[in-house]
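# for reference, the sequence and a predicted model appear below.
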Amino acid sequence: MPVYPGDTVSTTSTVIGLKPNSSGRNGNVYVRSVGVNQDGEVALDYVRWVMVNRREATEEIGEAVIPDLPGAVAAEDLVVPVEISGYDEVMKTLAGSEHLWGDYEVGEKIDHVDGMTIEESDHMLATRLYQNTAKVHFNQFAQKDTKIGRRLIYGGHVISLARALSFNGLGNAFAIAAINAGAHANPTFAGDTIHAWSEVLERMEIPGRTDVGALRLRTVATKDLPCADFPLRITEGDKAGAYHPQVVLDLDYTVLIPR
Amino acid sequence: MPVYPGDTVSTTSTVIGLKPNSSGRNGNVYVRSVGVNQDGEVALDYVRWVMVNRREATEEIGEAVIPDLPGAVAAEDLVVPVEISGYDEVMKTLAGSEHLWGDYEVGEKIDHVDGMTIEESDHMLATRLYQNTAKVHFNQFAQKDTKIGRRLIYGGHVISLARALSFNGLGNAFAIAAINAGAHANPTFAGDTIHAWSEVLERMEIPGRTDVGALRLRTVATKDLPCADFPLRITEGDKAGAYHPQVVLDLDYTVLIPR
Amino acid sequence: MPVYPGDTVSTTSTVIGLKPNSSGRNGNVYVRSVGVNQDGEVALDYVRWVMVNRREATEEIGEAVIPDLPGAVAAEDLVVPVEISGYDEVMKTLAGSEHLWGDYEVGEKIDHVDGMTIEESDHMLATRLYQNTAKVHFNQFAQKDTKIGRRLIYGGHVISLARALSFNGLGNAFAIAAINAGAHANPTFAGDTIHAWSEVLERMEIPGRTDVGALRLRTVATKDLPCADFPLRITEGDKAGAYHPQVVLDLDYTVLIPR
């Protein structure tokens, strides 16, 4: 179910896997979270993993229990909440883009061009909206004594900014149908300017639908680095293969767009 | 038609004139914009001009086509969206001002006294509200390499601040009926404190109405300069006649106010 | 009456007492303010005092007229706007706390743990919400020439932050029923990080109610000082008894909480 203003969403999370790190000090925890609206209808069902410290270091590492997860949500599993008809020139003009599903090609890269600078007030206001109260985002008194010395910007805010910037180039992509994978590649701080680019990974037909198709996208966001050259990874030297130090987000997701 | 919460306004702009500058590098473009609500009713119809660069410099300057525009909107063309009755002492107390239409005199100058300091977060939040995404307002990474080195505050935000400050002195002026002319005299930046003053240019009766009258006003906004002395233009030296360097807005508009 | 979104509240204030200071330059003014909703129902009725300068210094100090005020609002005068039934484990989980009225003890101190850093934009946005336009909060151009040199944060915003932080430890305290006393102990500025702690002063039964009880609380907010040690007053030296210089709020109020 899509979510509308006035809905109340509550979430239940279940630990579905554990992957201890060999250090014995921490590991990855796999979590499935299901959000339902006030009528019990599923609004979001997703899996992610986060690195968590152990209460105390151990030498008994234990075995990994890694859930069997698909690489991406399949076309037949996408939920399309609306029927699109009469998506004509007027609609495209209002959306600010001529390009529909059939106009994108697999492998195509799009520079979203615009940049947006983040202030401390801005990211805290957005983070409160999600009722995320983690002190790394809000407590400068505590953060000043950490290695980074600053408040860290919530990764969910960076995802929101990247999605917003992506409308310049993906103006008709009206909904996110799935998140397949993603990494918060580097931290973001107030004063950073976010740019983004996207690559079309897959162009998917949706079974039984001729009005709407899906695009599987990689959207990459950067800090203080315009994206005309589509930065992603370091290509040379010791750190080859690692994320470019200015890349802050690498998100693999699927959008719906009229055909 | 006035605009109410929940309305959807869309705008169509038409180029109605061109005035090439002698440099061959840029010129003024005259634009008429008409905003209509979801029922096709006109919410705003106005003309303005902006300086725009040519794609490339030319020696063939071309002829000017300058539209014939009135100096101000005439009293008989003002739209009064409400009828006012029983605007008594209680209403004046709620508005915070005793002064109605008949209490203002042509030539009277009003210092609006209060000052408001603008933060980067504040002007960007307000500018997003208008879906203005111009990078000069949002992208510090790009702005740092410009001559000014900073994000510029959207002129529409300065107009909003000046109008808000003007309620201290014009508390019963409940609506703007027309904008006659205006200049963004100097740029504004985060950290600037905005003050404002107004002059009554004209006191206009509205044909057929005894409940409401109109005041044509000049409202001047400044940065980091209180307005007790009504600053506007440089009066001496080489630059005499130019705007005072702390003046950021000079707006000629018409308000409605109970009689 | 509780206040709901869409209500319009208007307030009438009456001076009920005066306490001239011996300097002849200022004194305390006691004010009763009554806020009513659009139907004339009382939303809030409270008394406070503020130090105000005299128009000009005088040697004729005059006599004090000090209203006879209770030390706290009595249990029988508390208004409980709702009936609580079925406040079960699910409700407690949603509130994020197991602790109901009977779980708190008089004398118990609670460290609310979290800290929140205030930006200039944040406090000005919140202060506009209350239509407080005092220049000390908004006008940096004027403030730069004062002894503190900065914009002062509105005390009402500090109260709001302290109340918000207090949910970590008082998660089921769903409403403020009364404010008994309070002091803005020291000024707060942008960049300060607010922490808070509370002490249970009294556990009150409400006549005729078995579903809801009241807790009289002291909540203390600090700037740039975590509250694990419950800071309040200076205990040694010349200034013993004065507020700790990092304490910004000392509020005595009464909350409602399910039994």
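Looks like it came in fine.
# for chain A, which residues are neighbours of chain C?
A:10, A:119-121, A:124-125, A:133, A:135, A:138-142, A:151 (Cβ under 8 Å from any Cβ of the partner chain). The way it works is simple: take the backbone N, C-alpha and C, and place the C-beta from them, glycine included.
# could you rerun that using 6 Å?
Within chain A, the positions adjacent to chain C are A:120, A:121, A:138, A:139, A:140, A:141 by Cβ under 6 Å from any Cβ of the partner chain.
# what is the burial count for the fifth one?
To tie it back to what came earlier, the one meant is residue A:140. For residue A:140, the neighbour count with other Cβ atoms under 10 Å in any protein chain shown is 20.
# over to the third one?
A count of neighbours around residue A:138, defined by other Cβ under 10 Å, yields 24.
# touching, it and residue C:115? I think so.
No: between residue A:138 and residue C:115 there is no contact under Cβ atoms under 6 Å: 7.2 Å.
# ramachandran coordinates for residue A:152?
phi -90, psi 140 (degrees, to the nearest 10).
# now it. Nearest residue, chain neighbours left out?
Leaving aside its chain neighbours, residue A:152 sits nearest to residue A:136 (4.6 Å; criterion: Cβ to Cβ, 6 or more residues apart in numbering or on different chains).
# so that neighbour, which state does it fall into?
Here residue A:136 is recorded as helix under DSSP: H, G, I helix; E, B strand; the rest coil.
# how about the one 10 residues further on?
Assigned by three-state DSSP, the conformation of residue A:146 is coil.
# returning to that earlier point: the residues of chain A next to chain C: which ones sit near chain B?
Okay, of these touching chain B (Cβ under 6 Å from any Cβ), that's residue A:121.
# mind jotting down where the strands sit in chain A?
A:10-20, A:26-36, A:42-53, A:109-111, A:116-117, A:175-183, A:193-205, A:212-223, A:247-258 (DSSP state E).
# possible to save those strands as a markdown table with distance to residue C:102, mean pLDDT and mean neighbour count?
Shown next, in a markdown table, are those (distance: least, Cβ to Cβ, whole Å; pLDDT from 0 to 100; neighbours: other Cβ atoms under 10 Å in any protein chain shown):
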| stretch | distance to residue C:102 | mean pLDDT | mean neighbour count |
| --- | --- | --- | --- |
| strand A:10-20 | 27 | 95 | 14 |
| strand A:26-36 | 32 | 96 | 16 |
| strand A:42-53 | 35 | 92 | 12 |
| strand A:109-111 | 60 | 98 | 17 |
| strand A:116-117 | 51 | 98 | 24 |
| strand A:175-183 | 44 | 95 | 17 |
| strand A:193-205 | 50 | 98 | 21 |
| strand A:212-223 | 50 | 98 | 24 |
| strand A:247-258 | 48 | 98 | 23 |
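# and the residues of chain A next to chain C, which is closest to residue A:230?
Of all these, residue A:230 sits closest to residue A:120, with 29.6 Å by Cβ to Cβ.
# shouldn't the closest one be in contact with residue A:191?
No: contact status for residue A:120 versus residue A:191: not in contact, 8.6 Å apart, counting by Cβ under 6 Å.
# higher neighbour count, the two?
A count of neighbours by other Cβ under 10 Å puts residue A:120 above the other of residue A:120 and residue A:191, at 26 against 15.
# so what's that one up against?
Neighbouring residues of residue A:120 by Cβ atoms under 6 Å, 6 or more residues apart in numbering or on different chains: A:190, C:119.
# what does the pLDDT read for it?
What the model reports for residue A:120 is a pLDDT of 98.
# separation between it and residue A:47?
Between residue A:120 and residue A:47 the distance is 32 Å, computed by Cβ to Cβ, to the nearest Å.
# got the contact list for the nearest residue to residue A:227 once chain neighbours are set aside?
Nearest residue to residue A:227 in three dimensions, chain neighbours excluded: residue A:197, at 3.8 Å (Cβ to Cβ, 6+ apart). For residue A:197, the contact set (Cβ under 6 Å, 6+ apart) comprises A:111, A:112, A:220, A:227, A:230.
# residue A:167 is in contact with residue A:114, correct?
No: contact status for residue A:114 versus residue A:167: not in contact, 9.3 Å apart, counting by Cβ under 6 Å.
# neighbour count: the two, which is higher?
residue A:114 (23 against 17).
# per-residue confidence at the more buried one?
In this model, residue A:114 carries a pLDDT of 97.
# for residue A:171, give me its contacts.
Shown in contact with residue A:171 (Cβ under 6 Å, 6+ apart): A:95, A:96, A:97.
# 8 Å instead, please
When contacts are counted by Cβ atoms under 8 Å, 6 or more residues apart in numbering or on different chains, residue A:171 touches A:92, A:95, A:96, A:97, A:99.
# ok, so what distance separates the nearest residue in space to it that is not next to it in sequence from residue A:160?
Excluding its sequence neighbours, the residue lying closest to residue A:171 (Cβ to Cβ, 6+ apart) is residue A:97, at 2.8 Å. Going from residue A:97 to residue A:160 by Cβ to Cβ gives 20 Å.
# with distance to residue C:174 added, can I get the strands of chain A in JSON lines?
Putting those into JSON lines (distance: least, Cβ to Cβ, whole Å) gives the following:
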{"stretch": "strand A:10-20", "distance to residue C:174": "18"}
{"stretch": "strand A:26-36", "distance to residue C:174": "24"}
{"stretch": "strand A:42-53", "distance to residue C:174": "26"}
{"stretch": "strand A:109-111", "distance to residue C:174": "49"}
{"stretch": "strand A:116-117", "distance to residue C:174": "38"}
{"stretch": "strand A:175-183", "distance to residue C:174": "35"}
{"stretch": "strand A:193-205", "distance to residue C:174": "39"}
{"stretch": "strand A:212-223", "distance to residue C:174": "40"}
{"stretch": "strand A:247-258", "distance to residue C:174": "38"}
